[in-house]
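Trainee: build me a model:
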Amino acid sequence: MAEQEGNKILEGFKKEPVVKQLCNYFRAGFPIIYLSTPEEGRAEIIMLEVAKELKCNVVYWSHTEGFIRGGKENKGQVIVDPIAALTEIKAEAVSSLTIYVVRDLHPFIKAPKIRRLLRDCARDFQQLPKRLVLLSPVVEIDADIDRDTTLVEMGLPSKETARVIYDVVSSQNPKIFAKLDENEKERIIEATLGLTTNEAMNAIGKAAIESKESGTSISAIVMKEKANTVKKTGILEHFPAKETSKDIGGLEVLKEWITLRKSAFTVKAREFGLPMPKGIMLIGLPGCGKSLASKAVANVLQVPLIKLDIGRIFGGLVGQSESNLRGALERIDAIGNCVVWIDEMEKAFAGLGSSGSTDSGVSKRIFGALLSWMQDKKSPSFIAATVNKLDLPPELLRPGRFDKIFFVGLPDEKERVDILRIHIAKRREDMQTAQRDMDKIFDSSDIQNFVNRTKGFSGAEIEAAVVNGLYTAFNRNEELKSDFILSEVMNSVPLSISRASDLREMSEWAEKNAMNASVRRPVKAGKNFGREIDVG
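Mentor: Numbering: from 1, shown residues only. Modelled structure (predicted):
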């Protein structure tokens, strides 16, 4: 039974588009193909299908097993040295087309003799019935051989293969999967896109077990498992989206805008012809709720929250930064429905336009690649970028990068009271309802005093006052009182004072270039109330 199901997956591999792509390269005489994939077994099955299509021989080599011809190791001396192996490949006489698949050459590719041998093979194989395939999970091509090498990134299993994988797993567990409707089946298949074959099979199997225990849909659990795979990159992080719109005081315009786009991630929206939203940029002083709003967006849209840390992309080796970014963006595209959170985006590209750059243009290349992806991406990922300063390259603000740019300013009177209420309830969950109710802590005069004293305070500064008030109450062995919070407020200097010039500059800029996240502007004939950036 297991062999039969395994054969179904093998047949799915053989039908993938990369088979035809490789056949065309070999027929056209391309001497060296760099085949990049984390699934070596799947790649070798595809190579067998290529050999069948071209009626040629395939020889494998690795530095642990030496040469393998026709599924059997060479008799006699086993050649495990990569230089000796390439020398053998270069010198071997063949009468018909032969493809040499060299596994994991990337750790040795910087050696001068290896590079010279590869260039020799590239020159000679154009006139001989030989082709060289460098099979590796990572891309490592030096500048002196990149013109002689054609990169083929095999990619992860196609939707057709994902459907075969689902059929195999479901047929082995008919009692669980027979109850699912077609919509859930399609959601599970969509959720596995971006996973390797083994990852997909493991995720579906684990989800089936957990679904039975928790009642959560299998597709939702598979999506969560897929989101967790981003940890392997070291650049992306998966954050459980616990924050909701109820955890945000104010920002009603932003909440309404996001809620309106919740349905855009459904199949029905695709059938209607609704375009996928690209994302939003949130600009404002630190502590005004930009990061909190980004997290809440994922909860509202009901998709995973993936944090892209630009700082982790930059590596010390030549080409490493570009490779890191490419890998991270490919992973995001593979995940599909998700919110990509880029926090404090201005720090990643600070001083990009200055002439004092000392990274040989790496930052500019990374920035350019990121902008191109943001402009042209086809995946249903939604970007939520936060910015604390207006030190931004103009290319970032041009139409097509974001659907909307929001200015997240300081909370008004009502919003400050809402924020106070949220944080008192959040910090006092263990109290009885009457005790944690803010009305029992603040009477009307205290509220007015709080409103007057907190003018210019951000949400984070109000939260800090509540937390510090709780410390005072705890150390005095008393319940939380309004006096404790007001005392902290009176002894604080808000950023609106210490960074008054930054706030003024942002406010003036936002009047003409962004939508206020809290206040909807009135429309009056003949009056110019500032232009909203809406490039959706």
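Trainee: please identify the helix or strand for Leu480.
Mentor: Under the criterion DSSP states H and E, no helix or strand holds Leu480.
Trainee: all numbers from here: first residue = 54
Mentor: With the count now opening at 54, the last piece we talked about shows up as Leu533.
Trainee: what sits closest to it if chain neighbours are left out?
Mentor: In space, and not counting its chain neighbours, Leu533 is closest to Ala526: 4.6 Å by CB to CB, 6 or more residues apart in numbering. The C-beta positions use only the backbone N, C-alpha and C, and glycine is treated the same way.
Trainee: average pLDDT for the host helix or strand of Ile359?
Mentor: Per DSSP H and E: Ile359 is located in strand 358-361. If you average the pLDDT over strand 358-361, you get 88.
Trainee: stretch 145-161 too?
Mentor: Per-residue pLDDT over stretch 145-161 has a mean of 93.
Trainee: go on, stretch 515-535?
Mentor: The average pLDDT within stretch 515-535 is 88.
Trainee: what residues does that stretch touch?
Mentor: 464, 469, 472-473, 476-477, 480-481, 488, 494-496, 499, 503, 507, 510, 537-538, 540-542, 545 (CB atoms under 8 Å, 6 or more residues apart in numbering).
Trainee: please apply the same query to stretch 260-268.
Mentor: Val222, Asn226, Ile229, Phe230, Ile241, Thr269, Ser270, Ile271, Ser272, Ile274, Val275, Glu278.
Trainee: what packs against the strand holding Ile359?
Mentor: Strand 358-361 sits against strand 289-292, helix 343-354, helix 373-388, strand 391-395, with contacts defined as 3 or more CB pairs under 8 Å, 6 or more residues apart in numbering; DSSP states H and E.
Trainee: tabulate the ones you listed (a markdown table), appending mean pLDDT.
Mentor: Below are the helices and strands packed on strand 358-361 laid out as a markdown table (pLDDT from 0 to 100):
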| stretch | mean pLDDT |
| --- | --- |
| strand 289-292 | 82 |
| helix 343-354 | 88 |
| helix 373-388 | 79 |
| strand 391-395 | 90 |
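Trainee: out of the ones you listed, indicate the one that is most buried.
Mentor: Highest mean neighbour count among these (mean count of other CB atoms under 10 Å): strand 391-395, with a mean of 25.
Trainee: quick one: strands adjacent to it?
Mentor: If you go by DSSP bridges, strand 391-395 pairs up with strand 358-361 (parallel), strand 434-440 (parallel).
Trainee: still on that earlier bit, how about the helices and strands packed on strand 358-361 in JSON lines, adding distance to Leu450?
Mentor: Listed next are the helices and strands packed on strand 358-361 as JSON lines, based on distance: least, CB to CB, whole Å:
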{"stretch": "strand 289-292", "distance to Leu450": "25"}
{"stretch": "helix 343-354", "distance to Leu450": "16"}
{"stretch": "helix 373-388", "distance to Leu450": "21"}
{"stretch": "strand 391-395", "distance to Leu450": "14"}
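Trainee: quick one: which of these is nearest Thr202?
Mentor: Comparison of the helices and strands packed on strand 358-361 against Thr202 by CB to CB identifies helix 373-388 as nearest, at 15.1 Å.
Trainee: CA atoms only: put the closest one into PDB for me.
Mentor: Taking Å, rounded to 0.1, in the frame of the first residue of the first chain, the C-alpha atoms of helix 373-388 are listed here in PDB:
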ATOM      1  CA  GLN A 373      25.100  36.600   1.000                       C
ATOM      2  CA  SER A 374      22.700  39.600   1.600                       C
ATOM      3  CA  GLU A 375      21.100  39.300  -1.800                       C
ATOM      4  CA  SER A 376      20.700  35.600  -1.300                       C
ATOM      5  CA  ASN A 377      19.200  36.100   2.200                       C
ATOM      6  CA  LEU A 378      16.600  38.500   0.800                       C
ATOM      7  CA  ARG A 379      15.800  36.300  -2.100                       C
ATOM      8  CA  GLY A 380      15.300  33.300   0.200                       C
ATOM      9  CA  ALA A 381      13.100  35.300   2.600                       C
ATOM     10  CA  LEU A 382      10.900  36.700  -0.200                       C
ATOM     11  CA  GLU A 383      10.500  33.300  -1.800                       C
ATOM     12  CA  ARG A 384       9.400  31.900   1.500                       C
ATOM     13  CA  ILE A 385       6.800  34.700   1.900                       C
ATOM     14  CA  ASP A 386       5.500  34.100  -1.600                       C
ATOM     15  CA  ALA A 387       5.300  30.400  -0.800                       C
ATOM     16  CA  ILE A 388       3.300  31.100   2.400                       C
END
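Trainee: centre of the chain to that helix, how far?
Mentor: Here helix 373-388 is found 8 Å from its chain centre; the criterion is CA atoms, centre = their mean, to the nearest Å.
Trainee: equivalent analysis for stretch 460-479, please.
Mentor: The chain centre lies 31 Å from the centre of stretch 460-479; the measure is CA atoms, centre = their mean.
Trainee: buried residues in it?
Mentor: Using 16 or more other CB atoms under 10 Å as the test for burial, stretch 460-479 gives 460-464, 468-477.
Trainee: and those, which is closest to Val111?
Mentor: Of all the buried residues of stretch 460-479, Val111 sits closest to Val461, with 58.2 Å by CB to CB.
Trainee: what's the pLDDT at Gly124?
Mentor: pLDDT, read off for Gly124, is 59.
Trainee: may I ask which helix or strand of the protein has the lowest mean pLDDT?
Mentor: helix 486-489 (a mean of 45; mean pLDDT, DSSP states H and E).
Trainee: after that one, which helix or strand is next?
Mentor: Past helix 486-489, the next helix or strand by DSSP H and E is helix 491-494.
Trainee: pLDDT averaged over the helix or strand following that following helix - what is it?
Mentor: Later in the chain than helix 491-494, the nearest helix or strand by DSSP H and E is helix 497-506. For helix 497-506, mean pLDDT is 86.
Trainee: OK, contacts around the closest residue to Thr249 other than its chain neighbours?
Mentor: Nearest non-adjacent residue to Thr249, counting by CB to CB, 6+ apart: Glu92, 5.3 Å away. The contact partners of Glu92, by CB under 8 Å, 6+ apart, come to Met207, Leu209, Thr249, Thr250.
Trainee: same check on Ile388?
Mentor: Counted by CB under 8 Å, 6+ apart, Ile388 has contacts Gly247, Lys279, Ala280, Val283, Pro357, Ile359, Ser432, Ser434.
Trainee: isn't the fifth one right up against Val392?
Mentor: Yes - with contacts defined as CB atoms under 8 Å, Pro357 counts as touching Val392 at a distance of 7.3 Å.
Trainee: residues shared between the contacts of those two?
Mentor: What both Pro357 and Val392 touch, as defined by CB under 8 Å, 6+ apart, is the set Ala294, Ala351.
Trainee: buried sites along stretch 199-211?
Mentor: So stretch 199-211, judged by 16+ other CB under 10 Å, has buried residues Asp201, Thr202, Thr203, Val205, Met207, Gly208, Leu209, Pro210, Ser211.
Trainee: circling back to that earlier point, in the contacts of Glu92, which has the lowest confidence score?
Mentor: pLDDT across the contacts of Glu92 is at its lowest for Leu209, which sits at 78.
Trainee: confirm that residue sits in a helix?
Mentor: No - read with DSSP: H, G, I helix; E, B strand; the rest coil, Leu209 is coil and lies in no helix.
Trainee: so it sits against Ile218, correct?
Mentor: No - if you go by CB under 8 Å, Leu209 and Ile218 don't touch, sitting 11.2 Å apart.
Trainee: cool, thanks, signing off.
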